[in-house]
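Let's see this in three dimensions:
(chains A, B and C)
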Amino acid sequence: MRPRLALESITKHYGSFVANDRVSLTVAPGEIHAVLGENGAGKSTLMKIIYGAIRADAGEIFWEGRQVSIPSPGAARELGIGMVYQHFSLFETVSVVDNIALVNEGRFDRPALAVRIRELGEHYGLPVDPQRLVHDLSVGERQRVEILRCLLQKPKLLILDEPTSVLTPQAIGRLFGVLRSLAAEGCSILYISHKLEEIRQLCDGATILRGGKVVGSVKPAAASAAELAGMMVGAAVAPVTRPPAVTGAPRLAVRGLSLQPADPFGTALRDIELAVHAGEVVGIAGVSGNGQAELLDALSGEVACAADRIMLDGVPVAHLGAGARRQRGLAFVPEERLGRGAVPGMSLVENALLTGHRAGLVRRGFIDADRAAGFANRIIEGFGVRCSGARAVAASLSGGNLQKFIVGRERSLDPTVLIVSQPTWGVDVAAAAFLRQSFIDLSRQGAAVLVISEELEELLEICDRIAVLFRGRLSQALPREAISIDRLGLLMTGVDATAAVA
Amino acid sequence: MDQLLIPLLNGTLVAATPLIFAAIGELITERSGVLNLGVEGMMLIGAATAFGVALGGHPAWFSAGVAMLAAGLAASLFAVLALGLAVNQYAAGLALTILGSGLSALIGRHFGASSVTSIAKIHIPGLSDLPLAGSVLFGQDPLVYLALALAWLAWWFLNRTRAGLVLRAVGEAPQSARAIGYPVLRIRYLATACGGAMAGLAGAYLSLAYTPLWVDDMTAGRGWIAQALVVFATWRPGRVVLGAWLFGGVTVAQLFAQTFGLRVPTQFMSALPYLATIVVLVAISRNSQTLRLNTPLSLAQPFRPDR
Amino acid sequence: MNGMYFERRAVPSRVMGLAAPVLALLAMMLCAVPMLRLAGLDPVATLRVYFLEPLSTGNGISEWLLKANPLILIGLGLTVGYRANVWNIGAEGMYTIGAILAATLALRFADGVHHWLLPAMMLAGMLGGMAWAAIPAFLKTRLNTSEILVSLMLTYVAQLLLSWLVNGPMQDPQGLNYPQTALFSESATFSPLVPGMRVNASIFITLGAVALTWLLLERSFLGFQLKVSGAAPAAARYAGFAQARLTWISLLVSGAAAGLAGMFEAAGPLGQLSPVISPGYGFAAIIVAFIGRLRPIGVVFGGLLLSLLYLGGEAAQMTLNVPAALSRSFQGLLLFCLLAADVLVEYRIRVRA
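A predicted model of the protein is given here:
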C-alpha cells in the first residue's frame, strides 16, 4: 500500500540554526500518526513545510507515491492537505461563514456555504452556528470552526498542531472520537503533540523529533510513557520533588472581586474568592479565555479596583498600581515573555532594570550601571540562562532561557507573593522542570506562589491546592490529594458545581 | 435665505469631493493594515502633476489620470520602505509628505499665474434646471458624482466581495492571513498604491476644478483632514461621505460669515476646519471601546513574514 | 524581494549605527541626480551649491550655526517624545506660540534697559510651547485622541493666530500697516557673538540642552521609563510605569524645546514677529531627530546637516534660480534613505541559496 505522505531527508535552516535535519517519515492512508517532541524540536517547522507555508532547503515530499512540491498553502489544499493551527488562524471580527469563505475557492456564495457548514458540523459532531462572529465563540468552538474549515475541502491528510492544549478533558475525548471516525473514512492524520498519554491513547504510529532530527519511529501503544519521554528529551529528567507544605498566614487574599473587562471581547470576573498562604503553591486551572487575563491584570495592578478586594499581607492594595504592589512584595511573571515580561530589543541588563530597579539599582533618579550589570549577571548565573552575556538582546534568547531570566529576576526581588502565568509554555523540558522546582522551592522558603496554567499535568505536579476558573468564576481551591483530572475537567466545563464557592 | 442655501450646498459638495477621494483611498490602505501619513504629500503631487499636464493642453480626464499615476508611484515608494523593509510607518509617511510637498513646489515653479480651464459642470436638460434642487443635485461637475460613486464602490467592495473580505482579514491578522496562504505584502502594496492614486485624484480635483490656479501647498492640510476623517468614520465609507460633507460645510462657512454680518477675523474662520477636525477626533476617540472595536487590528504594525 | 529576507541580529550593529546616516546621505545624493535632471537642473552644479558653497565663508559658517540652532533644539525635544512613541508632529505650532509669548513680553517692556527681560522671554517661550503641547497631551491621556492629528491641526491654528496678531493687536503702529510687530528693543534681543554675523549666544543654551537630553535618556531612570514605554507599552504597564505621566512629560518637553527655539529666532535673527517666522523648522526637526537616530549627539549632526540643506536652498535660489522648495525634496529624500539604511542596524540581509 502506497503511503499517503512520505517525507525524505527534509532539511531547513534558519541562519546557523538547523530546525529540521534530514527528517524522514511516512504516513499510511487512514493512519493517525503522531509527531512527538518537546518545544523547539522542530515539529511546527516540519508541519509548515508540509502545509506549504514555508519551503524546505533540501529533501523531497512524496504524495501518494508521486514526488510533489508544495509552494503555498493553496497548493497543499489542492493536494488534499488541511491544517488546524495551534494558535488558530481565524479572524475575530468576522463571522464563521466568512472565515470559512476565505479558504474556499469558487463563487462567493454565503448562504450556500452556511448550509454546508451546518450539515458538515452535524455529521461530524462539531456543531457551530455559521452566522456568529468568531470573537463570540469559546476556544473549543473556535477549534471546531478551524476543523470544519479543513473538512470542507475533503482533505486526505489532516494536520493538527497541539490541538488539546486548549480543551477540557471531556472535549478532548470528543475530539478523539471525531478523529477516529475521520481516519476510519480513510483520512490520514498527523497529530503534533508533546502529551504522551494522549498519543498513546490515540495514535497508531509516532515519529519522535529531538533537536531537529528523527530519533525514533515507534508504535506508541507498545512503548511506555517513560520510554517515549526518554526519547523525546534524550536523557532522564528528574521528577519534581514536592515536600509537604507547612502553611502560614495568608499572604495574598482576594475577596469578592468582580470586574468588568476593559476589552470588549473580554470576560467579566465574578465574585472571586482566593487565599494563598505562605509556604504553599496554589494553582488556577482553566482553558484560556475564561478570565485568566482579567484576573491577572487585577492581581498585578495593571487594572485597579476597590481597595479591599485584594490584600497583600493583610494590607488592602487593590487600588494601587503595579509599581506600588511590587514595593509591597508582589512579583509577577506574565504569560507573554517578549513584549510584556521583557522588552525584546533591550539588553538583559536593561530588562533586569524593568522590575529590578527597586533592588537599589536607581539612585536619585539615575541608573547605577554597574549595579544593574551585577544584578543581571547574578540572575544569569543563578538560573543558568544561556545567552551571549548580559548585553545580549532579549529577543535573541530561546523561550526557555528568557523565561528563566524573567523568573530569576522576579525571584531576585525576594517577593512575598509570586504570581506566574503559563510559566512553561514554549519552554523546553529541562528548563520547564527547573522552573517548576524553583516555584516549589520559593514557596517552601515562606513565600506564597500562585500558578495559572492550562496544563493540568503541570498543576498536578507542583501545586498543593488547585482551583478552576470558568467563565469568570473561581471554584474553591481543593487540596491536591482530593483532585483528579476528571474532577478538574468537570469543573472546567462548569458541570461540577459542588466545588463552587458558597 | 434662499440665495444663500444653493451656493452653500454647492460649495459644500465641491469642498467635500477632494476629501472623499483622499479619505476613501486612505480607508482602503488602512483597512489592509497600513498607515500612510503621506496623504498630504500625495495630494500635492497629484495637484501639481494634473495642473502641469493640463497646462500642456491635455483634457482634464487625462491630466487627472497622470496625476493618479504619479501619486500612486509615490505611494509605492512609501510601500517599498514600509512593507518591503518593514520600516516605521509613521516616519516613512512623514517623509513622503515632506518629499511630496517639495516635489510639488518644484514641479509648480514654472506655473506662475497661469490658469487652466476648470472642469465643466454637467447639464442635464430639464433636471438641472429645476429650481433649488436642480443645480445642486444635477448640476455639479462629474468628479463630484464620481466621488460618491467611489465611496459606494468601496462599501460594496469591502462588504460584498471576497477580495474585500481578504483585505479586511489582512488588516486584522496578517499572520493568520499568511498562514492560510494569502500574499499579505502584495495585497498591502496594492491597497497602498490605490490609496495613493485616490489621493492623487483628490489633488487633481483641487488644481483642476476647485481653484484652477496653482498655489504652493494648495492643499492647506486637507490631506491631514482626510486622515482624521477616516478615524472619525470608524473606517466605514458611508460615514466618510457624511464627515466630508460636514467638513465641506465648515470650510465654506467662512464665505458666508461675511454675508451674515459676522465680525469675525478671517483667520478665525479659516481655522474652523482644523478646530472642527480636533473636535470630531475627540468625539470619536473618547470611547476607547468603540475605537478598539473598529480600528484595523494590525494598523501601522510592521509585518515580517516568517520563512 | 523573493530571494532576500531579514534575520535579526543578536546585538544591534554599532558600526551600522554610525554608518547609516552617512550611507543615507550618499544614497540621497545619488537619487537626487536623476531627480534634478528631470527638473531641468544640472545635478553637479546644484549639489555643489547646496553642500559646499555655503560653508566657504565665515559668514556662511555663522549662518550655518544660526540655522542649526533651532533645528537641534527642537530635534532634541522631539527625540525625547519619539523614544517614548509619542508622535508630536506639531512642533511648528509650539514654536510659533513660544515666539508669540516671548514677543508679548518684549513689546510690553519695550522701553528702558531690563537685564531680566531676555531670561524672562526664554521662560515665556518655553511656557508658550508647553501650553500648546498640553492640548494634545490632555486629549491623548484623558480622551484617547491621536496626538499626531491633533498636534498637526494645531500648527495650522497657531499659524493663523500669528497672522491675526501681526495684522491686528500686535501690529506695529508705526509700521506703515505692514503685517509685523515693532522691532524688539536691545534688552529683548540676543547680541551677535561676532559683530557683523548673526549667530548669537543662544547656541550655548542649545549645547546645554544637548547635554541635558543625553543625561535624561541615557542615564536617568525617567529616560529608561520613556524608552520602555516606546519600545513595548505592555512591558511599561507591567513594570508599573505610569503611561499618562510619561506622555505628558514627552509632549511638554518637546513643547518647551520648540517654544524656546521660537523665542531664539524671534529675539535673534528676526528681531520681531511677522506672518512667516519659520522656514518649516518644526517639520525639518522631525527629520533631524531621525537622522540623529533619536540620540542627542546624532541630533547635533542631523541639525547641522539640515541647516546646510536650508542654506544650500537659499544659495541655489539666488544663484541657480531654483525654488527653496527643492530643500524640502532633499529633506524628504534624505529621510527615506535614512529609514532604509537604518534597517541594517537591527537586521542582516540574507539571500536564500
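
how far does stretch A:307-322 sit from the chain's center?
With CA atoms, centre = their mean, to the nearest Å as the basis, stretch A:307-322 stands 29 Å off its chain's centre.

Tell me the span between the first and last residue of it.
Start-to-end span of stretch A:307-322 (CA to CA, to the nearest Å) is 14 Å.

buried ones in it?
Residues of stretch A:307-322 classed as buried: A:309-313, A:317-318, A:320-322 (neighbour count, 16 or more other CB atoms under 10 Å in any protein chain shown). C-beta here means a position set from N, CA and C on the backbone, and glycine is covered the same way.

swap in stretch A:87-106?
Residues of stretch A:87-106 classed as buried: A:88-104 (neighbour count, 16+ other CB under 10 Å).

Show me these that map onto strands.
Per DSSP state E, strands hold no members of these.

sorry, back to before: is it possible to get TSV of the buried residues of stretch A:307-322 that adds distance to chain C and secondary structure?
Listed next are the buried residues of stretch A:307-322 as TSV, based on distance: CB to the nearest CB, whole Å; DSSP: H, G, I helix; E, B strand; the rest coil:
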residue	distance to chain C	secondary structure
A:Arg309	19	helix
A:Ile310	15	strand
A:Met311	19	strand
A:Leu312	14	strand
A:Asp313	18	coil
A:Val317	12	coil
A:Ala318	15	coil
A:Leu320	9	coil
A:Gly321	5	coil
A:Ala322	3	helix
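
Including distance to A:Gly301, could those go into CSV?
Listed next are those as CSV, based on distance: CB to CB, whole Å:
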residue, distance to A:Gly301
A:Arg309, 12
A:Ile310, 9
A:Met311, 13
A:Leu312, 10
A:Asp313, 15
A:Val317, 8
A:Ala318, 8
A:Leu320, 6
A:Gly321, 5
A:Ala322, 4
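
center of chain A - which residue?
With distances taken as CA atoms, centre = their mean, A:Trp425 lies nearest the centre of chain A, 4.5 Å away.

any idea of the pLDDT on the nearest residue to that residue once chain neighbours are set aside?
Among residues not flanking A:Trp425 along the chain, A:Glu335 sits closest, at 7.0 Å (CB to CB, 6 or more residues apart in numbering or on different chains). For A:Glu335, the model assigns a pLDDT of 91.

wait, A:Glu335 sits on A:Ser421?
Yes. Under the criterion of CB atoms under 8 Å, A:Glu335 makes contact with A:Ser421 at 4.3 Å.

Spell out which residues belonging to the stretch 151-300 of chain A are near chain C, please.
The stretch 151-300 of chain A comes close to chain C at residues A:Ser300, as judged by CB under 8 Å from any CB of the partner chain.

picking that back up, which one's more surrounded, A:Glu335 and A:Ser421?
The neighbour comparison of A:Glu335 against A:Ser421 (other CB atoms under 10 Å in any protein chain shown) goes to A:Ser421, with 24 against 18.

Quick check: the gap between the more buried one and A:Val254.
Look at A:Ser421 and A:Val254: by CB to CB, to the nearest Å, they are 15 Å apart.

near chain A, which residues of chain B?
So chain B meets chain A at B:161-162, B:165-166, B:168-169, B:172-173, B:175-182, B:289, B:292-293, B:297, B:306-307 (CB under 8 Å from any CB).

quick one: contacts for the residue most central in space within chain C?
Taking CA atoms, centre = their mean, the centroid of chain C lies closest to C:Ala285, which sits 2.4 Å from it. Counting by CB atoms under 8 Å, 6 or more residues apart in numbering or on different chains, C:Ala285 makes contact with C:70-71, C:74-75, C:78, C:91, C:258, C:303.

Using the three-state scheme, assign B:Gly195.
The assignment at B:Gly195 comes out as helix when based on DSSP: H, G, I helix; E, B strand; the rest coil.

now do A:Pro415
Classification of A:Pro415 by three-state DSSP places it in coil.

Phi and psi next, for it.
With angles defined as degrees, to the nearest 10, A:Pro415 sits at phi -80, psi 150.

Quick check: chain neighbours aside, which residue is closest to it?
A:Ala331 (3.5 Å).

looking at chain A, which helix or strand is least sure?
One helix or strand of chain A scores below all others by mean pLDDT, DSSP states H and E: helix A:225-233, with a mean of 78.

How about it, which residues are buried there?
A:228-233.

how about the residues of the stretch 151-300 of chain C near chain B?
Proximity of the stretch 151-300 of chain C to chain B, by CB under 8 Å from any CB, involves residues C:152-154, C:156-157, C:160-161, C:163-164, C:167-168, C:283, C:286-287, C:290.

nearest to B:Leu208, of these?
C:Tyr156 (24.0 Å; CB to CB).

ok, the closest residue to A:Met346 other than its chain neighbours - how many residues close by?
Nearest residue to A:Met346, sequence neighbours excluded (CB to CB, 6+ apart): A:Ala394, at 6.2 Å. Neighbours of A:Ala394 under the rule other CB under 10 Å: 26.

could you list every residue that touches A:Ala394?
Per CB under 8 Å, 6+ apart, neighbours of A:Ala394: A:338, A:342-348, A:351, A:402, A:405.

Swap in 10 Å and give it another go.
For A:Ala394, the contact set (CB atoms under 10 Å, 6 or more residues apart in numbering or on different chains) comprises A:337-339, A:341-348, A:350-351, A:354, A:387, A:401-402, A:405-406, C:232, C:235.

Which pLDDT does the model give it?
A:Ala394 is assigned 90 on the pLDDT scale.

Check B:Leu27 too.
We have a pLDDT of 97 for B:Leu27.

The residue nearest to the centre of chain A in helix, strand or coil?
Criterion first, three-state DSSP; result for A:Trp425: coil.

Ok, the one 10 residues further on next?
For A:Leu435, the secondary-structure state derived from three-state DSSP is helix.

do B:Ile122 as well
B:Ile122 is classified as coil under three-state DSSP.

give the contact list for the residue found closest to it once you drop the neighbours it is linked to in the chain.
Nearest residue to B:Ile122, sequence neighbours excluded (CB to CB, 6+ apart): B:Pro142, at 5.9 Å. Contacts for B:Pro142 (CB under 10 Å, 6+ apart) come out as B:60-61, B:119-122, B:149, B:209.

And those residues, which is closest to chain A?
Nearest to chain A, judged by CB to the nearest CB, of those is B:Ala149 at 22.1 Å.

Tell me the pLDDT of that closest one.
95.

In whichever strand or helix holds it, which residues are buried?
B:Ala149 belongs to helix B:142-160 when assigned by DSSP states H and E. Buried positions in helix B:142-160, judged by neighbour count with 16+ other CB under 10 Å: B:143-144, B:146-148, B:150-151, B:154-155, B:157-158.

now, among those residues, which is nearest to B:Arg263?
Using CB to CB, the buried residues of helix B:142-160 come closest to B:Arg263 at B:Val144, 32.8 Å.

Assess the claim that C:Asn88 and C:Ala134 are in contact.
No. Contact between C:Asn88 and C:Ala134 fails when scored by CB atoms under 10 Å: they sit 11.9 Å apart.

okay, those two: which has more neighbours?
More crowded of C:Asn88 and C:Ala134, by other CB under 10 Å: C:Asn88, with 31 against 15.

what kind of secondary structure is that one in?
Taking three-state DSSP, the label given to C:Asn88 is coil.

on contacts alone, who are the packing partners of the one helix or strand B:Ala271 maps to?
Taking DSSP H and E as the definition, B:Ala271 sits inside helix B:266-285. Using 3 or more CB pairs under 10 Å, 6 or more residues apart in numbering or on different chains; DSSP states H and E as the contact test, the elements touching helix B:266-285 are helix B:222-232, helix B:237-259, helix B:288-294, helix C:117-143, helix C:147-167.

Beta-bridge partners for A:Ser475, please?
A:Ala500 (DSSP bridges).

Could you report the separation of it from chain C?
27 Å (CB to the nearest CB, to the nearest Å).

Look at that residue and say how many residues are nearby.
Using other CB under 10 Å, A:Ser475 is surrounded by 24 other residues.
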